[in-house]
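K.L.:
Predicted structure and sequence below. I'll ask about it afterward.
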Amino acid sequence: MTETLKSAEKFVFLIIASIPNGKVTSYGQIARMAGIPSHARLVGRIISRLPKDTDLPWHRVVDSQGRITNPNELKQREKLEQEGVTVINGKINLRHYRWKP
DNA sequence: TGTTTGACGGACA
DNA sequence: CTGTCCGCCAAAC
């Protein structure tokens, strides 16, 4: 129900906040961890609405193929490289940087 | 109130 | 590799 999604959204924030520095995860991964598989888009929407002064490491979230889908990918890329994540051609090697709790 | 859109994902061609 | 289709759902039209 919408009730499930409601509580799941809270988890989404907690999950994103717990992504370790230098690691990345995907929208779908977060959705699954939050207990709402196939709702990756919801996660994307939540992140897109975050205030720019948020503390959440939204830049550590990419799509399932390790690609940056952020409208302002340049900014995200800088933040990632700043913590040691190599971004090649707008893509990240998930094999190496995937966050696996 | 109905339709479109979007920081997604996975299956297919 | 690129492009299409469909599922999902809140917000914007």
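P.N.:
It's in.

K.L.:
and A:Pro51, backbone torsions?
P.N.:
A:Pro51 has phi and psi values of phi -70, psi 150 when expressed as degrees, to the nearest 10.

K.L.:
neighbours around the closest residue to A:Lys23 other than its chain neighbours, how many?
P.N.:
Once its chain neighbours are removed from consideration, A:Lys23 has its nearest residue in A:Trp99; the separation is 3.9 Å (CB to CB, 6 or more residues apart in numbering). (Each C-beta comes from the backbone N, C-alpha and C, glycine too.) Residue crowding around A:Trp99 was assessed by other CB atoms under 10 Å; the count is 19.

K.L.:
got it, and A:Ala8?
P.N.:
By other CB under 10 Å, neighbour count at A:Ala8 equals 20.

K.L.:
So it sits against A:Met33, correct?
P.N.:
No. Taking CB atoms under 8 Å as the contact criterion, A:Ala8 and A:Met33 are not neighbours in contact, 9.7 Å apart.

K.L.:
still on that earlier bit, got a list of what the residue nearest to A:Lys23 touches?
P.N.:
Applying CB atoms under 8 Å, 6 or more residues apart in numbering, one finds that A:Trp99 lies in contact with A:19-20, A:23-25, A:29, A:60.
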